[in-house]
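Undergrad: have a look; sequence and predicted model below, questions after that.
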Amino acid sequence: MVEKPAVNPAAQPLNLAEYHLLAKAKLPAMVYGYYASGADDEQTLRDNEDAFRRLRFRPRVLIDVSRVDMTKQVMGIDLSFPLMVAPTAMQRMAHPEGELATARAVARIGTVMGLSSWATTSLEDVAAHVPGLPKFFQLYVYKDRAITERLVRRAERAGFRAIALTVDTPQLGRREADIRNQFQLPPHLSLANFSDMKDFAEVKGGAGASGLASYVASLIDASLNWNDIAWLKSITRLPILLKGVVTAEDAQRALQYGADGIWVSNHGARQLDGVTATVDCLEEVVQAARGRIPVFIDSGVRRGTDVLKALALGADAVLIGRPIVWGLAVDGEEGVYRLLSLLKDEFKLAMQLCGCQKVSDIRRELVVRDAFAPYDVRQMLSVKMPSKL
Ligand SMILES: Cc1cc2nc3c(=O)[nH]c(=O)nc-3n(C[C@H](O)[C@H](O)[C@H](O)COP(=O)(O)O)c2cc1C
Ligand SMILES: CC(C)CC(=O)C(=O)O
């Protein structure tokens, strides 16, 4: 493998990997460890990115790509390109303006921001400071359902466009960096959606444990199950997206229980280590969803070419998590904006080089899994091809 050249801190980063390196150099070890790490041996963390690399393009040529339309509509929302921002908790640890800086950058680029239940800026403040921003509210279901219901109603009142119910976190994955660092939320910060409830707003570490793991174990409802979708639908008119579905079986259930969208995610490899890379299970979910509801994907998207690959496999849009906190750490709003612009430019170039004039030109036959390419191609095109390619 070719080593990446050392980053010159005076120059603008050229790609997301360079943002990551610069952010690592700036952030305190406890904060970096929390943002960067995956669960256990981080097998899935590596696999999420590797799985994108294993896919190869079959570009088409001699197509006029002097003009390219990257826009995409999802759930009635216009995106300037098919990439949205996944919720990442506690963004003020990366930059003093935290979620507000992200929100401004996301509004400028023209896409959707996911806001975590565990944001360090309240959902009302994000809505008030960046009024035009389309946003999804990520929901963790608390054992205390009255508290959960209040959050959902507040999000609806504040103009959020969907509830993204996280379904892969009955307990927190075992993140060794957080245990080693006895992670706690720095005392000048709080989980701002709970500012009137001290026990819910603080994350305290210590005694050789991650404060996050104990917070989840004591307050988050591990009994959450399919019947709760009906409960959630009874308290809000907002569309419900299920964040963390990775199998066809659960995609079928999502349809059956009335979910409005499926978000293929392994939580950026922070929950179950050893779970399939998301781009490897995307197609089975897409097939099970049968075009009835949108399918989104996150975990491991780092290049414009990754966005193209995910769309070719049937995703309606992709999301990124960690890169946003790297952008924030490097340069606040500007960092996030520039990082999103890089991805947008990369995506445009990838479309041009693949002969796609518009997003609907991105079709299944654009990608192959390299090891099985001849077989895949025959199947996809349903034509007879010589057995030796
Ligand atoms: C630092 C960090 C905080 C996160 N916080 C949340 C959260 O509060 N709620 C949630 O559903 N997912 C959370 N996620 C998962 C992301 O929404 C997303 O699924 C994941 O980061 C995508 O993978 P990527 O980081 O490889 O892009 C978090 C991820 C990271 C890295
Ligand atoms: C549950 C919280 C620790 C936030 C979260 O989802 C994450 O860190 O991955």
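TA: Alright, I've got the coordinates. Ligands and ions are numbered 1, 2, ... in the order given.
Undergrad: so which bits of the stretch 1-150 of the chain are right by ligand 2?
TA: With Cβ under 6 Å from any ligand atom as the criterion, the stretch 1-150 of the chain meets ligand 2 at residues 89, 118. For the C-beta atoms, the positions are set from N, CA and C on the backbone; glycine is no exception.
Undergrad: can you give me the helices in the stretch 1-150 of the chain?
TA: Using DSSP state H, counting those that start in this stretch, the helices of the stretch 1-150 of the chain run over 16-26, 29-36, 43-54, 98-109, 123-129, 145-157.
Undergrad: just name the most buried of these.
TA: Of all the helices of the stretch 1-150 of the chain, helix 98-109 carries the top mean neighbour count, a mean of 24, counting by mean count of other Cβ atoms under 10 Å.
Undergrad: my guess is residue 269 meets residue 44, correct?
TA: Yes. With contact defined as Cβ atoms under 8 Å, residue 269 counts as touching residue 44 (3.9 Å).
Undergrad: intersection of neighbour lists for the two?
TA: Counting by Cβ atoms under 8 Å, 6 or more residues apart in numbering, the contacts common to residue 269 and residue 44 are 38, 275.
Undergrad: nearest to ligand 1, of the helices of the stretch 1-150 of the chain?
TA: Closest approach to ligand 1 among the helices of the stretch 1-150 of the chain is made by helix 29-36 (4.3 Å; Cβ to the nearest ligand atom).
Undergrad: which neighbouring elements make contact with the closest one?
TA: helix 16-26, helix 176-180, helix 322-354 (3 or more Cβ pairs under 8 Å, 6 or more residues apart in numbering; DSSP states H and E).
Undergrad: would you format the ones you listed as TSV with distance to residue 34 and mean pLDDT included?
TA: As requested, the helices and strands packed on helix 29-36 are exported to TSV (distance: least, Cβ to Cβ, whole Å; pLDDT from 0 to 100):
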stretch	distance to residue 34	mean pLDDT
helix 16-26	12	98
helix 176-180	6	97
helix 322-354	9	98
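Undergrad: quick one: residues contacting residue 31.
TA: 93-94 are the contacts of residue 31 under Cβ under 8 Å, 6+ apart.
Undergrad: repeat that with 10 Å
TA: Each residue near residue 31 by Cβ atoms under 10 Å, 6 or more residues apart in numbering is listed here: 23, 90, 93-94, 181, 183, 186, 325, 329.
Undergrad: tell me where the stretch 51-200 of the chain has strands.
TA: Remark: strands assigned in the stretch 51-200 of the chain by DSSP state E, counting those that start in this stretch are 55-57, 72-74, 77-79, 83-85, 113-115, 135-139, 162-166.
Undergrad: nearest spatial neighbour of residue 251, chain-adjacent residues omitted?
TA: residue 288 (3.7 Å; Cβ to Cβ, 6 or more residues apart in numbering).
Undergrad: measure residue 310 to residue 303 for me?
TA: For residue 310, the distance to residue 303 (Cβ to Cβ, to the nearest Å) stands at 11 Å.
Undergrad: of those two, which one has the most company?
TA: residue 310 (30 against 19; other Cβ atoms under 10 Å).
Undergrad: list the contacts of the closest residue to ligand 2 within the stretch 51-200 of the chain.
TA: Shortest the stretch 51-200 of the chain-to-ligand 2 distance, computed as Cβ to the nearest ligand atom: residue-wise this is residue 89, at 3.9 Å. Applying Cβ under 10 Å, 6+ apart, we find residue 89 in contact with 34-35, 99, 115-120, 138, 140, 185, 191, 203, 212, 325.
Undergrad: give me that answer again for 6 Å
TA: 116, 118 (Cβ atoms under 6 Å, 6 or more residues apart in numbering).
Undergrad: the residue in the stretch 251-389 of the chain that ligand 2 sits nearest to: how many residues sit nearby?
TA: Closest to ligand 2 within the stretch 251-389 of the chain is residue 270: 4.4 Å, counting by Cβ to the nearest ligand atom. Using other Cβ under 10 Å, the number of residues around residue 270 comes to 25.
Undergrad: again with residue 261
TA: Neighbours of residue 261 (other Cβ under 10 Å): 23.
Undergrad: also the one 10 residues further on?
TA: Here the count is done by other Cβ under 10 Å, and residue 271 has 23 residues near it.
Undergrad: residue 66 now?
TA: Neighbour tally, residue 66, other Cβ under 10 Å: 6.
Undergrad: quick one, phi/psi of it?
TA: phi -70, psi -20 (degrees, to the nearest 10).
Undergrad: and it, what pLDDT?
TA: In this model, residue 66 is scored at 98, pLDDT.
Undergrad: swap in residue 10?
TA: Among the per-residue scores, residue 10 shows a pLDDT of 57.
Undergrad: over to the one 4 residues further on?
TA: What the model reports for residue 14 is a pLDDT of 97.
Undergrad: grab the nearest non-local neighbour of it.
TA: residue 342 (7.7 Å).
Undergrad: kindly report the same for residue 238.
TA: With Cβ to Cβ, 6+ apart as the criterion, residue 238 has its nearest non-adjacent residue at 5.0 Å, and that residue is residue 163.
Undergrad: now swap in residue 217 and tell me
TA: Excluding its sequence neighbours, the residue lying closest to residue 217 (Cβ to Cβ, 6+ apart) is residue 171, at 6.2 Å.
Undergrad: for the one you found, grab the count of nearby residues.
TA: There are 11 residues near residue 171, going by other Cβ under 10 Å.
Undergrad: same thing with residue 235?
TA: So residue 235, with other Cβ under 10 Å, has 15 neighbours.
Undergrad: residue contacts, it?
TA: 149, 152.
Undergrad: how much space between it and residue 153?
TA: 7 Å.
Undergrad: identify the contacts common to these two.
TA: The contact lists of residue 235 and residue 153 share no entry, where a contact means Cβ under 6 Å, 6+ apart.
Undergrad: coming back round to it: confirm for me that the residue of the stretch 251-389 of the chain closest to ligand 2 is in contact with residue 171.
TA: No. Residue 270 is beyond contact range of residue 171, at 11.9 Å (criterion: Cβ atoms under 6 Å).
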